[in-house]
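Asker: Task: produce atomic coordinates for the following.
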Amino acid sequence: MFESLSFGDQGFGDELLAGALLTVELALVSLAVGLVLGLLTASGKLSKRRLPRWLAQGYTELVRGVPEMLVVLVVYFGASALLQTVAGWFGHEGYIEVNAFVAGVVALGLVFGAYSSEVFRGAFLAVPKGQIEAAIACGMSPWQVFHRIRMPQMWRFAIPGLGNLWMVLLKDTSLVSIVALDELLRWSKVAAETTKQPFLFYITAALIYLALTVVSDILRHRFETRANRGVPAHD
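Answerer: Below you'll find the predicted structure:
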């Protein structure tokens, strides 16, 4: 039975490994996009101007109110339709298909950004106001206050929440299999249908996801410990 998991022509071991690597790559790139969106959205929510607050709040409400799989489908097919319309203005009549990896990154980045914005907003608000006021009293510019005081302190409060969102993002990469991206779950499905051994391959995929989350949790703990260096235990 386990011969199906071997590497080479006799098994699907190499395909599952390639799918797992693509899953990690998809999650990491989506994380980078989501962090940028989350920071920008949190800044918009904390802005004193109405328009940035409304735009940020509307974005988070929209994305959080729609299933993640639907976001993937809308981004994938919506982007294709948009590009095809624009290309039609220049006389191009052929079908344009968006790269599944790019669509997955955009969709998962949008979802992560919406949820992480609340984590960042709470982390920014958790920074003691006395430190901000002291920095301003010392003559620091707004950028220096943000870069030297607010941002380093914010990460200390944000890492636990971001770590949980990363776990969710890592597992949500499986949703991109619906647009035919050859990540871990899609290769597991292909192998299961080919060998008629669905239990074997789906359990194997589950164990790989579990291993990735365990490693991620260890790294999160190290980042959290590093961010809290020099902070009193009672803080």
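
Asker: going forward, measure contacts between C-alpha atoms and count neighbours the same way
Answerer: Noted.

Asker: Pull the contacting residues for the closest residue to Gln197 other than its chain neighbours.
Answerer: Taking CA to CA, 6 or more residues apart in numbering, and ignoring the residues beside it in sequence, Gln197 has Ala191 as its nearest neighbour in space, at 7.8 Å. Contact partners of Ala191, counting by CA atoms under 8 Å, 6 or more residues apart in numbering, are Phe12, Gln197, Pro198, Phe201.

Asker: again, but for Gly113
Answerer: Counting by CA under 8 Å, 6+ apart, Gly113 has contacts Val33, Gly34, Leu35, Val36, Leu37, Gly38, Leu39, Thr41.

Asker: and it, what element?
Answerer: Taking DSSP states H and E as the criterion, the element that holds Gly113 is helix 100-126.

Asker: Please pull up the helix or strand immediately following that helix.
Answerer: Past helix 100-126, heading to the C-terminal end, the next element that is a helix or strand (DSSP H and E) is helix 129-137.

Asker: What helix or strand is the spatially most central residue of the chain located in?
Answerer: Nearest to the mean C-alpha position of the chain, counting by CA atoms, centre = their mean, stands Leu31 at 3.7 Å. Under the assignment given by DSSP H and E, the secondary-structure element containing Leu31 is helix 13-45.

Asker: Name the surrounding residues that touch stretch 195-205.
Answerer: Counting by CA under 8 Å, 6+ apart, Ser4, Leu16, Leu184, Leu185, Ser188, Lys189, Ala191, Ala192 sit against stretch 195-205.

Asker: And the lowest mean pLDDT element among the helices and strands of the protein?
Answerer: Across the helices and strands of the chain, mean pLDDT, DSSP states H and E gives its lowest value to helix 142-144, namely a mean of 79.

Asker: on that earlier part again, now for the contacts of Ala191, which pair is the farthest apart?
Answerer: With distance counted by CA to CA, no two of these lie farther apart than Phe12 and Pro198, which are 12.7 Å apart.

Asker: Comparing the two, which residue is more hemmed in?
Answerer: Phe12 (23 against 16; other CA atoms under 10 Å).

Asker: Tell me the backbone dihedrals of the more buried one, please.
Answerer: Summarising the backbone geometry of Phe12 under the convention degrees, to the nearest 10, its torsions are phi -110, psi 20.

Asker: I'd guessed it sits against Leu184; true?
Answerer: No: look at Phe12 against Leu184 with CA atoms under 8 Å: they stay out of range, at 11.3 Å.

Asker: ok, how many other residues are close to Leu5?
Answerer: Counted with other CA under 10 Å, the neighbours of Leu5 add up to 18.
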